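Novice: how would this look folded up:
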Amino acid sequence: MCAITGELPRSDPTGSGNEYKEEKFMAKNSVRIRLKAYENRSLDAAAEKIVTTANGHGAKKIVGPVPLPTEREVVTILRAVHKYKDSREQFEIRTHKRLIEIVGPSAETIDALSRLDLPSGVDIEIKL
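Specialist: Residues are numbered from 1 along each chain as shown. Modelled structure (predicted):
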């Protein structure tokens, strides 16, 4: 441990440095999956399916599902057509989001995720 910064050394005590190199390689070799949905139950079900599929097909490490901030869009409209400006109605729609990161996925994991059947209404963005 460094006395000034309090950080741990980046390599193992034997001096070979394999742990740091492996961690750096694994960080480059990851898949980020962002899920969006209006209903949080279907979103959580989709996230659970992705995590169990990745665990069952040889992923080294899975981070998430991490809840991201919920977007809230509010629309205000007049109830009356021509007058009565004081009578208004508000509608809102919430977009729930989750992030899942799979570190060190195998080819089998990516193939299983591509064949996965998820609930309707869930938007998926995948970054390799």
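
Novice: now the longest strand out of those in the chain: how far from the chain's centre is it?
Specialist: Assignment by DSSP state E gives strand 61-78 as the longest strand of the chain. Counting by Cα atoms, centre = their mean, to the nearest Å, strand 61-78 is centred 12 Å from the centre of its parent chain.

Novice: Can you tell me which helices and strands that strand packs against?
Specialist: Helices and strands touching strand 61-78, by 3 or more Cβ pairs under 8 Å, 6 or more residues apart in numbering; DSSP states H and E, are helix 40-56, strand 88-103. For every residue, glycine as well, the C-beta is placed using N, CA and C.

Novice: could you redo these as JSON lines and give each row distance to Gly121 and mean pLDDT?
Specialist: Formatted as JSON lines, the helices and strands packed on strand 61-78 follow (distance: least, Cβ to Cβ, whole Å; pLDDT from 0 to 100):
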{"stretch": "helix 40-56", "distance to Gly121": "6", "mean pLDDT": "92"}
{"stretch": "strand 88-103", "distance to Gly121": "11", "mean pLDDT": "94"}
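
Novice: which one of the ones you listed is the most hemmed in?
Specialist: helix 40-56 (a mean of 17; mean count of other Cβ atoms under 10 Å).

Novice: so what does it touch, helix or strand wise?
Specialist: Helix 40-56 sits against strand 30-37, strand 61-78, strand 88-103, helix 107-114, strand 122-127, with contacts defined as 3+ Cβ pairs under 8 Å, 6+ apart.

Novice: of all the ones you listed, which has the lowest average per-residue confidence?
Specialist: Here the lowest mean pLDDT among the helices and strands packed on helix 40-56 goes to helix 107-114, at a mean of 88.

Novice: circling back: which of the helices and strands packed on helix 40-56 has the highest mean neighbour count?
Specialist: Mean neighbour counts for the helices and strands packed on helix 40-56 (mean count of other Cβ under 10 Å) peak at strand 30-37, with a mean of 19.

Novice: Summarise which helices and strands that strand is packed against.
Specialist: Strand 30-37 makes packing contacts with helix 40-56, strand 88-103, helix 107-114, strand 122-127 when contacts are defined by 3+ Cβ pairs under 8 Å, 6+ apart.
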